[in-house]
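Colleague: Structural data only, the sequence is not supplied:
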């Protein structure tokens, strides 16, 4: 029985299997091994792409997505978290869980004895990163080292990037961020020899990059930090920065974006942007994740 709470729950063979399942299932549009299963979807935080991509993918695979509203459960009265997830065992075959506290995912995995998938937590976002790497490998034909330059905050998405860089040898990551954020976040992040850090823009590194990537400066789980925007605006991905990149460099963003904060409209709608391809591949790869986790 498998869970996917972090990328570190996988090995390279698992990732290759997920990507192969994703390709095969999507091309053939076949139902796979989850046909008829009931998959619960729990969103304690807002969601557009994760919610829609999982619901659509589950339906296409012949299974049943069930939207579970925590606010309408007896948790709001007196039933414990433990007993709630024990009850889920009786009715559900698997759960996708988005939460503001990664410890809840770990706790849930102790009581729910069937596959559990992290749909985003304050710590990590494994489904997003699997789809991003799948997208980049397809774009660059999986035959070269892929150099990713990340600009801005060190968040849950980047945490999962660090984890996957320890498993896929041709992924290299440059992180451009402020000194304060680097000092605050780095001790909590996985160690990776494939990651380098920069507190000032470096033209040579930007010119070498295959992918420029960023995310909002204020993540869903963050406490309001008025200084963060001021610190990180120097790392904004704008037309000037993108003009330094080589012709085949692409721009990625997991979305939603805050225009004129971490990225400008010209970049996110520009010819190098593949953000819609990224978003579509969430559904493609999540089919592979579902097939893998029940395999």
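Modeller: The structure has been received and is ready for your questions. No experiment lies behind these values; they were computed from the predicted model shown.

Colleague: Does anything pack onto the host helix or strand of residue 241? Which helices or strands?
Modeller: In this structure, residue 241 sits in helix 239-242 according to DSSP states H and E. Packed against helix 239-242 by the contact rule (3 or more Cβ pairs under 8 Å, 6 or more residues apart in numbering; DSSP states H and E) you find helix 265-268. (C-beta placed from N, C-alpha, C; glycine too.)

Colleague: Buried residues of the helix it packs on, list them for me.
Modeller: Going by neighbour count (16 or more other Cβ atoms under 10 Å), the buried part of helix 265-268 is 267, 268.

Colleague: Least confident secondary structure element in this structure?
Modeller: When each helix and strand of the chain is scored by mean pLDDT, DSSP states H and E, helix 226-232 comes last, with a mean of 88.

Colleague: Can you spell out which helices and strands pack onto it?
Modeller: So helix 226-232, by 3+ Cβ pairs under 8 Å, 6+ apart, packs with helix 179-185.

Colleague: And the contacts of the helix it packs on?
Modeller: With Cβ atoms under 8 Å, 6 or more residues apart in numbering as the test, helix 179-185 has contacts from 153, 154, 175, 197, 199, 227, 228, 231, 232.

Colleague: Please pick the buried ones from those residues.
Modeller: Of these, these count as buried by 16+ other Cβ under 10 Å: 153, 154, 175, 228, 231, 232.

Colleague: Low-confidence ranges, this protein, go.
Modeller: 29-31, 142-143, 220-222, 224 (pLDDT under 70).

Colleague: For the lengthiest helix in the chain, buried residues please.
Modeller: What stands out as the longest helix in the chain, according to DSSP state H, is helix 275-293. Neighbour-count burial for helix 275-293, with 16+ other Cβ under 10 Å as criterion, is recorded at 275, 278-293.

Colleague: Can you add distance to residue 123 and give the buried ones among the contacts of helix 179-185 back as JSON lines?
Modeller: Putting the buried ones among the contacts of helix 179-185 into JSON lines (distance: Cβ to Cβ, whole Å) gives the following:
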{"residue": "153", "distance to residue 123": "14"}
{"residue": "154", "distance to residue 123": "12"}
{"residue": "175", "distance to residue 123": "17"}
{"residue": "228", "distance to residue 123": "19"}
{"residue": "231", "distance to residue 123": "22"}
{"residue": "232", "distance to residue 123": "20"}
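
Colleague: Show me which pair in those residues is furthest apart.
Modeller: 175 and 228 (15.4 Å; Cβ to Cβ).

Colleague: Could you name the helices and strands sitting against the longest helix of the chain?
Modeller: helix 12-28, helix 49-60, strand 116-118, helix 126-139, strand 250-253.

Colleague: at 10 Å what do you get?
Modeller: helix 12-28, helix 49-60, strand 94-98, strand 116-118, helix 126-139, strand 250-253, helix 265-268 (3 or more Cβ pairs under 10 Å, 6 or more residues apart in numbering; DSSP states H and E).

Colleague: List of residues touching the fourth one?
Modeller: To tie it back to what came earlier, the one meant is strand 116-118. For strand 116-118, contacts defined as Cβ atoms under 10 Å, 6 or more residues apart in numbering pick out 1-7, 9, 39-42, 54, 85, 88, 94-99, 102, 105-106, 108-109, 124-127, 156, 160, 286, 289-290, 293.
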